[in-house]
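In: Provided below are the primary sequence and the corresponding predicted coordinates.
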Amino acid sequence: MDEQLNQLKPSHYRNMANYKPIKKTVNVRLDADVIEWLQSSGKGYQTRMNAILREAMEKAV
């Protein structure tokens, strides 16, 4: 069963012990209120944005 679940996940998740994400610079257009909300918690809003997107991605897999 675990092997079947592993086949459903992207290959970079198969061995999380060695997983190091590759960062890529992108330009995106987001609603101003979304950016303000992320920035309202202080420094690190891009890291929070990445965490939010990663959580959504993992739920979709």
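Out: Cool, got the structure. Residues are numbered from 1 along each chain as shown.

In: For Lys20, see how far away the residue most central in space within the chain is.
Out: When Cα atoms, centre = their mean is applied to the chain, the residue found nearest the centroid is Arg54 (2.2 Å). Counting by Cβ to Cβ, to the nearest Å, the gap from Arg54 to Lys20 is 14 Å. C-beta: built from backbone N, CA, C; applies to glycine.

In: residues making contact with the longest helix seen in the chain?
Out: Looking across the chain with DSSP state H, the single longest helix is helix 45-60. Helix 45-60 is contacted from outside by Ile35, Leu38, Gln39, Ser41, using Cβ atoms under 8 Å, 6 or more residues apart in numbering.

In: burial measure for the spatially closest residue to the second one that is not a sequence neighbour, as a count.
Out: Spatially, and ignoring its direct neighbours in sequence, Leu38 is nearest to Tyr45 (4.0 Å; Cβ to Cβ, 6 or more residues apart in numbering). When counting by other Cβ atoms under 10 Å, one arrives at 15 neighbours for Tyr45.

In: can you check the one 3 residues further on too?
Out: Look at Arg48: counted by other Cβ under 10 Å, it has 15 neighbours.

In: what do you get for Asp31?
Out: Count around Asp31 with other Cβ under 10 Å applied: 8.

In: likewise Asn50?
Out: 13.

In: again, but for Gly44
Out: Gly44: 12 neighbours (other Cβ under 10 Å).

In: repeat for Lys24
Out: 5.
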